[in-house]
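K.L.:
What follows is a predicted structure for the sequence shown.
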Amino acid sequence: MDATDIQILIVGSAGDGTIAAGNILRQALAEAGYKVISFDVYPPEIRGFGKCIARMRATIAQAYSLKQQSDVMLSLDDSHAIPHVGEVRDWGAVLYESKPVANAPQGHITGHIRPGQIPYGCAIREISEKATGANRSRNIVALGYLAGLYGLPREAFHAIIDRQFKKRGAEVASVNRKAFDEGYAAGAGAFKLDDVAFGPPQPNVAPGTVVEMINGNAAVVKGCLDAGIDCFFGYPITPATTIMERLATEMPRHGKRLVQTEDEISAISATIGAGFAGTRSATATSGPGLSLMQEMLGLGTMAEVPSVVFVSQRGGPSTGMPTKTEQSDLNSALFGGHGDAPRIVMAPTNVEGCYRCAGKAFEMAEAYQTPVIVLLDLYLSNRYETVAFGQKSPFEPDVNKRPRKQDLGAGYKRFALVEGGVSPRAVPGDAGGMHIVTGLEHNEMGRPADSAEMHLAMCDKRLDKLKGALVHPDFTVTKRFGAMGKAAVGLLAWGSTFGECLEAMFQAEKEGIDCAAMKVVMLSPFPEEAVSAFMDDCAAVLVPELNHDGQFARLVQGTLGRKVVKLTRVPGVPMRVSDILGEIRRLAGRNLPQAAE
Amino acid sequence: MSERHHVIVGMGITGNEAAITLRRREPQSRITIVTLASLLFYNRYDLPQVFRGKHDWREFLVHPPAFYDDNRITVRRNSRVSNVDPLNKVMTLEHKEDIPYDTLLVATGGRGWIPEELAEFRPLMQGFGSFEQAITVARALPEGGGRVVMLGGDMIGLDLARTLIDTGHRVTLVAGEQTFWPHQVPAERRPAFVAALEAMGVEVVEQDSVGGVAQIAQGAKGLPARRVVFRDGSELMADVVMPFYGIQPAIDFMGRTGVDVERGLLVNPELRTTDGSIWAAGDVCQIWSQEENRYRFYYGWRNVRAMGEVAAGNMTGGNDAFVADQDEKLEIDAEGRLVSPFWEYA
């Protein structure tokens, strides 16, 4: 291979340290200077049952998703790894335990390795026991073997192992270093027969930036902190929990408040209350939690109170598939709850986008005095990427912390019907800012009023003011890639699936297909003009998404009255690039849009 | 019959020929090849080509990987057989996996033999039995010409010596009883053969004249990597020391099977061992020779390939005797060069 583009797959059972090994490896690759994109899959069970997978792709050029085929697989548990052997390409490598205590029900993995793949057996358990006196470090030995086989810099791993294990004592770190070194020696001594080769990495050269290996939820946390979050209220739920966990560590350090509430209703209520009080406040949840929050989100819309809700989607409905990814809460985020309750809904497409959306969500919530939902999904929440962050926050500070008008004067109307719909806002304590806030429909003063004229005026106001979000400063509402003129096929996508769309587009371009792609970050208000212009250019528009019904496709069709081709999947894992590519080829061959419904 | 499982141990020319024959004769049966190697079947006779810059092992493959998929031949690489239980027809691999079989063909070939007095120096010597070993030797030799000390000098080694000399390396042969193995050169003809070697460019040191090898050691810093010390006190410096003392059958795992073993597995002319379900073919077996009234080995690529075909035929209902297809003569041609069918691989 000319340039490094290597995907590594680690498969084990819960308790094998699969994710931990993947975590060390991706950090080491990132620190070595490779761009890394990584995603873990784990079971809902805590230990000893389900399958854990860590996948990571290390590249020189920017990558946008994981590859369908891996170059290297490391098995920490053959019974789980065997079904994934076929994922490794020909001339790629399969690393496994050569002296297992017991064999998998399907037999030893050597019986499943395909002729074109290169097998590497290593006495992982034996080396671990020799190095550390126990087999608990099998994952670290195996990681060392992999690092040694490919000549990865040992020092980078040492530093990360030290960091990872120091909280458990210096001796634990030392033992794991030893395990790694023994594995490394075995790997370095193995005769390398596969064609996987790491080329020289490229150091970060963007001035004023620092590269971090970070996942979507961590990027959300960083965005919250850089935007100056004051309060967070949350109730744990996979896959959003780590947002609260990280904030619980970080916020007290900055003098901020975090409360774990008794449920999601309480969390959103407190968030809106804190927003009413003039603080930057947020909560985070998943689909089931969003369902519980709907009534209070309606209050936020009606009372025009800023709040930010991060929603990381998982397979549904009900408890559904808590540890699998899906994009099936779009309808709930856009239309959930009762009444006409417009809100801002945005969906980042990558980890850097999680950071930007998180920070901008606070800006917009304040600017347009409304709840903002940031729609993530498990794939994005748990996906790691190397991101170059600037050293200065790109977000506007809290308006309530700027010098403020002290006296709003007589006749203050909190819900004044003004041009653009954004009324002057008072927070408790502002002189002259006394007003009524209620969930009832109200007049400009906030007093209950339910005349048809007032209800219509207020409905218009609450909807119209959101249009400003489409031109909010420094925010990417939509972005187009690929062919800039006419295209045979246009990919219109949102959320995490956009990465797979881009990879499919690149491959289609290599095949000579005129292909374009547009990511839609702002979902409500819907960027009709930009999407419509894109569709004008494309002979066929394909909308790939991870839900059963084609929720985004329906949104596009319903909003614009134009047909798109749906491509829906609900496998619980990211969409396959080959599925998208197959549809692109089909559409390009026919060159006409297929009826969507 | 159609669901039978044929297991072949060994993935050399014999095992592969057997697998192909089995598939041809029984399209429905299961076929598994078990091998210690990491690579698929490749042309070991071509390994000297690594000294001509052929370093990608894929260029040595006899069949592409798809061949095995297409023919539904399962290949178990990196797998060592630890035991065979003929009573229950189960073979156990070192990683504790049992593989039931209906018929078993042992085609493990041989591994390089090293005299006991040199065994302790094994880590300082380089074999030449696999692609990995060949590449290791190639990497150990300096570009522009290195020096190889070859101990013994069997036909495999002498074939390599020809290439090494052609590619600018210096070869010193410490000649002894095993030189020209498996050919047994009559004493009166030996000087002529040695002279032919020297004419080829090989420097020959007769082992008897130096009293044999006393020690192999690491070379001092700045000098070649190896030092061969003879009993008479003389020394040879080398970048690589390679033993070529012939091969011995690799049949350790057959120890508890109860089948008859001498130096190799003893088989009848139909290549069946004393167990009705186990056959053996290639360098690993001694075949009963009616003419010579003894069990004897047959070497040479054509012979071992033919054995694979015959054994597979008999495993699937045939009853053909092996007939040697390749003579084993070693001669000096009109131009004074050593020639042997042993080296003529096609």
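P.N.:
Okay, I see it.
K.L.:
Find the residue at the geometric middle of the chain.
P.N.:
Just so you know, I chose chain A. residue A:380 (1.9 Å; C-alpha atoms, centre = their mean).
K.L.:
try chain B instead
P.N.:
residue B:110 (5.0 Å).
K.L.:
Not counting residues beside it along the chain, what's closest to it?
P.N.:
residue B:247 (3.0 Å; C-beta to C-beta, 6 or more residues apart in numbering or on different chains). Where C-beta positions appear, they are placed from N, C-alpha and C, glycine not excepted.
K.L.:
swap in residue A:515?
P.N.:
The shortest distance from residue A:515 to any non-neighbouring residue, by C-beta to C-beta, 6+ apart, is to residue A:508 (4.2 Å).
K.L.:
tally of neighbours for residue 37?
P.N.:
Just going to use chain A. The burial count assigned to residue A:37 is 24, neighbours taken as other C-beta atoms under 10 Å in any protein chain shown.
K.L.:
Sorry, I should have been clearer: chain B.
P.N.:
Using other C-beta under 10 Å, residue B:37 has 19 other residues around it.
K.L.:
so how far is residue A:150 from it?
P.N.:
According to C-beta to C-beta, to the nearest Å, residue B:37 stands 22 Å off from residue A:150.
K.L.:
swap in residue A:16?
P.N.:
With distances taken as C-beta to C-beta, residue A:16 is found 21 Å from residue A:150.
K.L.:
of those two, who's got more company?
P.N.:
residue A:16 (23 against 19).
K.L.:
What residues does the more buried one make contact with?
P.N.:
For residue A:16, the contact set (C-beta atoms under 8 Å, 6 or more residues apart in numbering or on different chains) comprises A:52, A:76, A:77, A:138, A:139.
K.L.:
Now the two most distant members of the residues you listed.
P.N.:
The most widely separated members of those are A:52 and A:138, with 13.4 Å between them, by C-beta to C-beta.
K.L.:
pull the longest helix from the chain.
P.N.:
All of this refers to chain A. Counting residues, the longest helix found in chain A (DSSP state H) is helix A:170-189.
K.L.:
wrong chain, I was asking about chain B
P.N.:
Ranked by residue count, the top helix of chain B under DSSP H comes out as helix B:301-315.
K.L.:
thinking again about what came up before, surely the residue nearest to the centre of chain B and residue B:249 touch.
P.N.:
Yes: at 5.3 Å, residue B:110 and residue B:249 qualify as touching, with contact defined as C-beta atoms under 8 Å.
K.L.:
what residues are shared contacts of the two?
P.N.:
A shared contact of residue B:110 and residue B:249, defined by C-beta under 8 Å, 6+ apart, is any residue touching both; here these are B:283, B:284.
K.L.:
pLDDT at the residue nearest to the centre of chain B, what is it?
P.N.:
At residue B:110, the predicted lDDT confidence score is 89.
K.L.:
for it, what are its contacts?
P.N.:
Residue B:110 makes contact with B:246, B:247, B:248, B:249, B:250, B:283, B:284, according to C-beta under 8 Å, 6+ apart.
K.L.:
In three-state terms, how would residue B:187 be classified?
P.N.:
Following DSSP: H, G, I helix; E, B strand; the rest coil, we place residue B:187 in the coil state.
K.L.:
Same question for residue A:265.
P.N.:
Per three-state DSSP, residue A:265 ends up helix.
K.L.:
ok, it - how many residues close by?
P.N.:
Burial measure for residue A:265: 16 neighbouring residues, criterion other C-beta under 10 Å.
K.L.:
ok, now how distant is the residue nearest to it when sequence neighbours are not counted from residue A:285?
P.N.:
In space, not counting the residues next to it along the chain, residue A:265 is nearest to residue A:292; the distance is 5.2 Å by C-beta to C-beta, 6+ apart. For residue A:292, the distance to residue A:285 equals 8 Å [C-beta to C-beta].
K.L.:
what's the helix or strand for the closest residue in space to residue B:312 that isn't next to it in sequence?
P.N.:
Counting by C-beta to C-beta, 6+ apart, residue B:312 lies nearest to residue B:21, which is 3.6 Å off, once chain neighbours are set aside. When elements are assigned from DSSP states H and E, residue B:21 belongs to helix B:13-25.
K.L.:
Just checking the distance from that helix to the centre of its chain.
P.N.:
Here helix B:13-25 is found 19 Å from its chain centre; the criterion is C-alpha atoms, centre = their mean, to the nearest Å.
K.L.:
could you point out which element follows it?
P.N.:
Past helix B:13-25, heading to the C-terminal end, the next element that is a helix or strand (DSSP H and E) is strand B:30-34.
K.L.:
same question for that following strand, mean pLDDT?
P.N.:
Per-residue scores along strand B:30-34 average to 97.
K.L.:
Against which helices or strands is that strand packed?
P.N.:
When contacts are defined as 3 or more C-beta pairs under 8 Å, 6 or more residues apart in numbering or on different chains; DSSP states H and E, strand B:30-34 packs onto strand B:5-9, helix B:13-25, strand B:73-76.
K.L.:
Starting from that strand, tell me the next helix or strand along the chain.
P.N.:
helix B:65-70.
K.L.:
Near the nearest residue to residue A:551 once chain neighbours are set aside, how many residues? Count them for me, please.
P.N.:
Excluding its sequence neighbours, the residue lying closest to residue A:551 (C-beta to C-beta, 6+ apart) is residue A:330, at 4.2 Å. For residue A:330, the neighbour count with other C-beta under 10 Å is 25.
K.L.:
show me what contacts residue A:330?
P.N.:
A:345, A:347, A:375, A:494, A:523, A:545, A:547, A:551, A:552, A:555.
K.L.:
tell me the domain ranges of the chain?
P.N.:
No chain in the question, so chain A it is. The record assigns chain A these domain ranges, following automatic domain parsing: A:5-189, A:211-397, A:478-590.
K.L.:
The chain in question should be chain B.
P.N.:
In terms of domains, chain B is parsed into B:5-111+B:248-315, B:114-245 (source: automatic domain parsing).
K.L.:
These: which one's closest to residue A:220?
P.N.:
Shortest distance between residue A:220 and the domains of chain B, using C-beta to C-beta, is found for domain B:5-111+B:248-315: 44.7 Å.
K.L.:
That closest one: how far from the chain's middle?
P.N.:
Mean C-alpha position of domain B:5-111+B:248-315 versus that of the full chain (C-alpha atoms, centre = their mean) differs by 12 Å.
K.L.:
just stretch A:579-587 next, same as before
P.N.:
Stretch A:579-587 has its C-alpha centroid displaced from the chain centroid by 25 Å (C-alpha atoms, centre = their mean).
K.L.:
Can you give the contact residues for that stretch?
P.N.:
A:488-489, A:491, A:500-501, A:504-505, A:507-508, A:511, A:513, A:515, A:539-540, A:542, A:544, A:565, A:567, A:569, A:593-594.
K.L.:
what about 7 Å?
P.N.:
Under the contact criterion C-beta atoms under 7 Å, 6 or more residues apart in numbering or on different chains, stretch A:579-587 has outside partners A:489, A:500-501, A:504, A:507-508, A:513, A:515, A:540, A:542, A:544, A:565, A:567, A:569.
K.L.:
Would you point out the most distant pair within the residues you listed?
P.N.:
The largest distance within these, taken as C-beta to C-beta, falls between A:513 and A:569 and amounts to 21.1 Å.
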